[in-house]
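Novice: no sequence for this one, just the structure:
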């Protein structure tokens with residue numbers, strides 16, 4: 001299995017931002033233009049760009065679709081995008097904008113059949129499960145679903161999804177390291193490909209995730225955001241570390 005780096009662009013009000021532990025009141029704003037950032041990721045060798053519409057994740061209504069579409073049009077690598085994909089129309093809008101794979105989070109938890117509806121149309125889908133410990137949060141991480149990730153994973157085993165993005169919320173934006181033990185449990189619990197998110201702050205963290213093995217299976221990749229935008233990790237170096245395993 002190929003391990004891929006997914007450099008992340010989080011968009012709020014059309015600008016690049018990062019939220020600390022998913023808290024909308026703890027926002028870091030970056031002056032960089034999202035399209036220029038995406039182009040820099042591509043130039044550095046990234047094979048994907050991961051884009052999140054934070055406004056949509058909170059409200060359920062696409063508010064940065066034009067910016068997402070501009071990114072998809074500008075780069076020659078696939079764009080994975082999520083945030084507020086809670087209907088077939090919302091997913092279609094992303095694909096029409098040029099997105100290669102959409103990430104369905106809240107809706108996948110509340111209505112797993114939506115995921116199958118999207119994949120049956122031939123679209124590429126990743127499910128986003130954002131966890132505090134084992135409990136999955138929804139609606140921009142502002143509500144707890146009352147369900148564990150292990151309850152939900154079986155819903156997607158035969159739904160045609162390409163991957164599950166697992167974000168450990170308490171580590172997100174902190175740079176203190178990924179939840180290796182938790183990710184090992186998730187890989188053990190499902191046959192689906194897992195993309196890790198949350199906590200990466202060094203090249204060593206990426207290396208550790210790339211080398212993770214459970215019964216011969218590995219992770220499919222890692223999403224890295226704040227550490228790249230802050231210049232703590234160089235994108236081209238991160239790509240090399242991800243791809244050398």
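Specialist: Done, it's in. From a predicted model like this one, the values you see are computed outputs, not experimental measurements.

Novice: count of residues packed around residue 153?
Specialist: 19 (other Cβ atoms under 10 Å). C-beta: built from backbone N, CA, C; applies to glycine.

Novice: Could you point out the helix or strand that follows the helix-or-strand element of the chain with minimal mean pLDDT?
Specialist: Taking mean pLDDT, DSSP states H and E as the measure, the chain has strand 23-29 as its least confident helix or strand, at a mean of 63. Toward the C-terminal end, the helix or strand that comes next after strand 23-29 (DSSP states H and E) is helix 34-43.

Novice: tell me the contacts of the residue of the chain most remote from its centre?
Specialist: Here the chain reaches farthest from its C-alpha mean at residue 215, the gap being 24.4 Å by Cα atoms, centre = their mean. Going by Cβ atoms under 8 Å, 6 or more residues apart in numbering, residue 215 touches residue 188.

Novice: Look up which residues are beta-bridged to residue 50.
Specialist: residue 8, residue 80 (DSSP bridges).

Novice: Show the contacting residues for it.
Specialist: Taking Cβ under 8 Å, 6+ apart, we find residue 50 in contact with 6, 7, 8, 9, 79, 80, 81, 223.

Novice: Can you tell me what sits against the strand or helix carrying residue 144?
Specialist: In the assignment (DSSP H and E), residue 144 maps to strand 143-148. The contact list for strand 143-148 (Cβ under 8 Å, 6+ apart) reads 109, 110, 132, 134, 135, 136, 137, 138.

Novice: List only buried entries from the residues you listed.
Specialist: 109, 136, 137, 138 (16 or more other Cβ atoms under 10 Å).

Novice: List just the nearest of these to residue 182.
Specialist: Nearest to residue 182 among these: residue 136, at 12.6 Å, using Cβ to Cβ.

Novice: Help me confirm that that closest one is found in a strand?
Specialist: Yes - assigned with DSSP: H, G, I helix; E, B strand; the rest coil, residue 136 falls within a strand.

Novice: burial measure for the closest residue to it other than its chain neighbours, as a count.
Specialist: Of all residues not flanking residue 136 in the chain, residue 145 sits nearest, at 4.6 Å (Cβ to Cβ, 6 or more residues apart in numbering). The tally of other residues near residue 145 (other Cβ under 10 Å) stands at 19.

Novice: before we move on, what about residue 120?
Specialist: When neighbours are counted by other Cβ under 10 Å, residue 120 comes out with 10.

Novice: where's it relative to residue 160, distance?
Specialist: 7 Å (Cβ to Cβ, to the nearest Å).

Novice: Same question for residue 75.
Specialist: As judged by Cβ to Cβ, residue 75 and residue 160 stand 25 Å apart.
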